[in-house]
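In: turn this into a model:
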Amino acid sequence: MQKRKRLFRLALFLSLVALVVSLVVNIFLFSQAKSYYLQLNKTNLDPLGLQTFSGDALADRSSSDSPVTVVFFGDSRAAMWVEPDNINNVSFINRGIGSQTSTQVWGRFDQHILPLHPDIIVVQVGINDLKTIPLFPKQKSTIISNCKTNIHKIVARAVKQDATVILTTIFPIGPVPLIRQPFWSPDVAKAVEDVNAYLYSLKAKNVLILDAYSLLVEDQQVKSQYIYDTLHINPRGYKLLNHELKKMLLAGLIDIHK
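Out: Numbering: from 1, shown residues only. This next block holds a predicted model:
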């Protein structure tokens with residue numbers, strides 16, 4: 001009799017644990033689904049994100065007293081980039097938008113960049129294109145090709161406006177969480193290396209390369225000390241990038257006092 005009671009209590013306990021775990025998992029999945037749904041519909045309303053900076057007080061360079069303007073431009077990796085400190089006479093403006101592909105970033109260049117008349121544009125974009133390869137494996141070549149083409153357009157447009165471009169190589173990801181593994185593939189890391197090689201081919205007098213990949217990555221993944229989440233780096237990672245950026249700005253590679 002006692003044994004039956006113990007078995008009943010154990011079965012009841014395990015059932016309650018299973019119920020709690022099921023509730024937690026379902027709440028998490030609902031939260032994720034809601035987030036993606038909201039993001040999808042927000043994108044449908046404003047596909048290029050043109051309204052994102054419509055009320056920004058720094059929409060025009062004339063509002064800044066600094067003789068040199070540096071703009072961070074691209075996706076969420078650009079949006080999360082905090083400006084380096086202790087650089088005199090330089091104004092930093094951020095025009096990164098989360099989740100954007102290179103197509104979206106290129107599409108908003110004229111509205112978000114031209115009014116600023118920047119001297120330097122730091123471009124970080126591409127991972128949101130390449131991370132779709134596991135979802136559309138038959139379109140892999142097209143996705144990679146379009147990413148390269150859009151980045152080339154951004155660079156060419158910037159140089160035409162007499163700006164110096166600092167192209168940051170695309171860094172891959174941290175560990176892929178279990179829930180995301182069915183939608184991931186080693187082809188993403190290979191595509192990152194492919195596009196990065198192309199970025200080096202764009203190097204020129206007014207197009208410099210900040211090799212974020214070499215600084216942050218080990219064995220095709222972002223080093224653990226720099227991971228914020230699957231796609232993003234933490235403040236330590238940006239501190240490392242800023243150390244390199246400051247060297248580029250102050251070492252005479254770029255005339256920031258022109």
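
In: any idea which element S99 lies in?
Out: Secondary-structure element containing S99, defined by DSSP states H and E: none, the residue being outside all helices and strands.

In: okay, it: pLDDT?
Out: What the model reports as pLDDT for S99 is 95.

In: Q2 too?
Out: Among the per-residue scores, Q2 holds a pLDDT of 66.

In: with D110 instead?
Out: Predicted confidence (pLDDT) for D110: 97.

In: okay, now the residue nearest to it when sequence neighbours are not counted: neighbour count?
Out: Distances taken as C-beta to C-beta, 6 or more residues apart in numbering put R157 closest to D110, at 7.9 Å, once the chain neighbours are dropped. The C-beta positions use only the backbone N, C-alpha and C, and glycine is treated the same way. Summarising burial for R157: neighbours were counted as other C-beta atoms under 10 Å, giving 17.

In: got a list of what I143 touches?
Out: With contacts defined as C-beta atoms under 8 Å, 6 or more residues apart in numbering, I143 is in contact with D129, L130, T132, I133, F136, A191.

In: now, these that are in helices?
Out: Secondary-structure check on the contacts of I143 using DSSP state H: residues within helices are D129, L130, A191.

In: do a quick rundown of the helices in the stretch 1-150 of the chain.
Out: Listed from the start of the chain, the stretch 1-150 of the chain has helices (DSSP state H, counting those that start in this stretch) covering 2-45, 76-79, 102-107, 109-112, 127-130, 140-160.

In: with just CA atoms, put the third one into PDB.
Out: The C-alpha coordinates for helix 102-107 follow below in PDB (Å, rounded to 0.1, in the frame of the first residue of the first chain):
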ATOM      1  CA  SER A 102      21.700  44.700 -47.200                       C
ATOM      2  CA  THR A 103      18.800  45.400 -49.600                       C
ATOM      3  CA  GLN A 104      17.000  47.500 -46.900                       C
ATOM      4  CA  VAL A 105      20.200  49.200 -45.800                       C
ATOM      5  CA  TRP A 106      21.100  50.200 -49.400                       C
ATOM      6  CA  GLY A 107      17.500  51.300 -50.000                       C
END
